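A.B. asks: The following block contains a protein sequence and its predicted model.
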Amino acid sequence: MNGINRNIASALSALTQNGLRSILTLSGIVVGVVSIVILVAILQGVKAEVGRQVEGLGVNMVVIEPSKLDENGQPNPMALLGKSSLSDKDIERLRQVPGVEMISPVLFVSGSAERHKSGGSRIVTDGAMVVATSREGVEMNPARLTMGRYFAADGSDGNVCILADKLREKLFGNENPLNQTVKVEGMDWKVIGVLGKSSTDGSLSNQLMGLGNLIYLPDNVARKRISNLQINRIVLKTDYQHPADTMITAMNSAMMAGHKEHEDFGILTLRKGLAMVIKLVGMAQNLLVLIATISLFVAGIGIMNIMLVTVTERTREIGVRKTVGARRSDIFMQFLTEAIVLSGLGGVIGVGLSILICLAIARFTILQPIITPGAIGMSLIVCIGVGIVFGVTPAVRAANLNPIDALRHE
């Protein structure tokens with residue numbers, strides 16, 4: 001331990017004695033670390049934003065239809081008139097598919113939504129689409145809850161409902177709808193939540209379900225209170241970073257296994273859009289690795305060159321140390337420690353500058369970098385690794401110097 005401390009002290013002393021050279025060498029490491037940390041932070045911020053955009057656009061939504069899709073990949077609208085081929089067992093099988101984050105049944109409820117006012121008048125919205133679904137089904141709606149709460153997971157709420165924004169406006173205008181009732185299928189359903197406006201008019205989920213005019217009923221309650229309900233759709237939210245083709249193939253296999261290899265269902269997804277997002281994220285990651293590798297390689301060569309010059313300048317010192325009893329391993333560790341201290345110090349400075357630069361980027365640009373402890377730790381570890389790899393050659397050269405020749409060096 002004392003030997004390590006002495007080597008570190010010697011390394012710091014050598015760096016201060018050649019201040020300008022040390023600063024120039026450090027600059028290479030600093031640039032390399034800044035490149036890594038900032039690029040990783042920007043990529044993390046972009047990935048987070050991509051995730052938000054993907055969820056908003058519905059690219060990561062998959063819908064299981066109760067009939068086989070036609071040659072153009074479109075669902076058969078007549079399938080709604082017959083008996084659905086979908087079941088709760090399908091949901092359980094699909095839930096096990098890697099990449100599926102949320103899944104919910106969708107049961108279409110016929111009829112309109114009505115509001116009976118205190119004066120005896122009523123408001124009828126024929127454009128309302130009433131569906132029974134689980135809490136996850138409501139949470140998959142791109143619009144967030146702005147009033148009230150979601151369904152209880154255990155179905156203990158009873159006759160309750162959640163309104164989409166457009167339907168709330170039609171039924172209640174500027175009034176507070178919470179705890180008021182809406183009549184569906186001749187029964188009163190208490191409003192416990194309201195969704196906000198959705199900006200995803202062109203999304204898959206909006207096209208399929210008209211999200212703005214939805215009224216959600218809890219499926220576990222609706223099945224008991226309303227007759228002849230069946231699962232008309234299964235909606236899934238997937239991890240957009242999971243390989244799309246692999247995930248769709250696994251979904252198809254899970255469905256086929258439960259339907260005795262009879263394809264009486266269809267899987268509707270924006271698979272191409274999903275694959276494009278994954279490809280773009282992968283390209284960004286590859287670019288990051290390439291730039292960081294080049295930066296650190298250049299910085300490592302700088303360290304090695306400076307250390308080789310240092311060995312040449314300190315040849316006589318090395319000869320003196322060997323004459324008074326220093327072993328080859330002592331000389332090797334001395335110069336290797338200098339290289340590691342040099343790269344490690346550059347790493348610390350680089351991380352500090354990266355944090356400041358990322359704060360400036362977040363404040364003055366549309367980018368929102370996210371610095372993670374993992375990125376900082378990786379940068380420092382890589383710096384130490386660079387110091388070791390590129391410090392070995394100068395250290396070996398110093399350790400192998402002949403003490404007699406070293407003492408004669410001028």
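C.D. replies: Perfect, thanks for sending it. Residues are numbered from 1 along each chain as shown.
A.B. asks: Output the below-cut-off pLDDT ranges for the stretch 301-410 of the chain.
C.D. replies: 311-322, 324-326, 399, 401-410 (pLDDT under 70).
A.B. asks: do the same with the stretch 51-200 of the chain
C.D. replies: Using pLDDT under 70, the stretch 51-200 of the chain drops low at 51-59, 70-82, 118-122, 124-126, 198-200.
A.B. asks: what are the ranges of the helices in it?
C.D. replies: In the stretch 51-200 of the chain, the helices defined using DSSP state H, counting those that start in this stretch lie at 88-95, 135-139, 165-172.
A.B. asks: Mean neighbour count and distance to residue 387 added to those helices, as TSV?
C.D. replies: Every residue, glycine included, has its C-beta placed from N, CA and C. Putting these into TSV (neighbours: other C-beta atoms under 10 Å; distance: least, C-beta to C-beta, whole Å) gives the following:
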stretch	mean neighbour count	distance to residue 387
helix 88-95	15	49
helix 135-139	20	49
helix 165-172	20	58
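A.B. asks: how about those, which one is nearest residue 288?
C.D. replies: Closest approach to residue 288 among those (C-beta to C-beta): helix 135-139, 32.5 Å.
A.B. asks: now what about the closest one, what contacts it?
C.D. replies: The contact list for helix 135-139, computed with C-beta atoms under 8 Å, 6 or more residues apart in numbering, reads 102-106, 131, 145, 150-153, 162, 193, 195, 216, 218-219, 235, 237.
A.B. asks: Mind doing that once more with 10 Å?
C.D. replies: 101-107, 131, 133, 145, 149-153, 155, 157, 162, 164, 193, 195, 214, 216, 218-220, 233-237 (C-beta atoms under 10 Å, 6 or more residues apart in numbering).
A.B. asks: Please flag which of the residues you listed sit within strands.
C.D. replies: Within those, residues falling in strands by DSSP state E are 101-107, 131, 133, 145, 162, 193, 195, 214, 216, 218, 233-237.
A.B. asks: Could you pick out the buried ones from those residues?
C.D. replies: Those of the ones in strands among the contacts of helix 135-139 that meet the buried threshold are 102-107, 131, 133, 162, 193, 195, 214, 216, 218, 233-237, by 16 or more other C-beta atoms under 10 Å.
A.B. asks: Surely residue 177 touches residue 189?
C.D. replies: No. Using C-beta atoms under 10 Å, residue 177 is not in contact with residue 189, being 11.5 Å away.
A.B. asks: Need the overlap of contacts for the two.
C.D. replies: With contacts defined as C-beta under 10 Å, 6+ apart, the residues adjacent to both residue 177 and residue 189 are 161, 163.
A.B. asks: which residues of the chain fall in strands?
C.D. replies: With strands called from DSSP E, the chain shows them at 61-65, 100-109, 113-116, 122-125, 129-133, 145-148, 160-163, 181-184, 187-195, 214-218, 233-238, 266-269.
A.B. asks: Can you check which of these gets nearest to residue 345?
C.D. replies: strand 100-109 (43.4 Å).
A.B. asks: mind listing what that closest one pairs with, with the direction of each?
C.D. replies: In the sheet, strand 100-109 lines up against strand 129-133 (antiparallel), strand 233-238 (antiparallel) (DSSP bridges).
A.B. asks: Kindly reformat the ones you listed as JSON lines containing distance to residue 339.
C.D. replies: Listed next are the strands paired with strand 100-109 as JSON lines, based on distance: least, C-beta to C-beta, whole Å:
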{"stretch": "strand 129-133", "distance to residue 339": "62"}
{"stretch": "strand 233-238", "distance to residue 339": "47"}
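A.B. asks: Now tabulate the strands of the chain in CSV and tack on distance to residue 306.
C.D. replies: Output for these, formatted as CSV (distance: least, C-beta to C-beta, whole Å):
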stretch, distance to residue 306
strand 61-65, 56
strand 100-109, 51
strand 113-116, 76
strand 122-125, 76
strand 129-133, 66
strand 145-148, 60
strand 160-163, 66
strand 181-184, 76
strand 187-195, 62
strand 214-218, 67
strand 233-238, 51
strand 266-269, 56
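A.B. asks: What residues of stretch 355-362 count as buried?
C.D. replies: Of all the residues in stretch 355-362, those buried under the rule 16+ other C-beta under 10 Å are 355, 358, 361-362.
A.B. asks: Residue 134 is in contact with residue 103, correct?
C.D. replies: Yes. Counting by C-beta under 10 Å, residue 103 does reach residue 134; the two are 8.7 Å apart.
A.B. asks: shared neighbours of these two, anything?
C.D. replies: Both residue 103 and residue 134 are in contact with 91, 140, 235, where contact means C-beta under 10 Å, 6+ apart.
A.B. asks: Need those residues in CSV (columns: distance to residue 35).
C.D. replies: Formatted as CSV, the shared contacts of residue 103 and residue 134 follow (distance: C-beta to C-beta, whole Å):
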residue, distance to residue 35
91, 47
140, 39
235, 42
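A.B. asks: So which of those residues is the closest to residue 264?
C.D. replies: Nearest to residue 264 among the shared contacts of residue 103 and residue 134, with distances taken as C-beta to C-beta, is residue 91, at 16.0 Å.
A.B. asks: and residue 88, how far is that from residue 260?
C.D. replies: According to C-beta to C-beta, to the nearest Å, residue 88 stands 17 Å off from residue 260.
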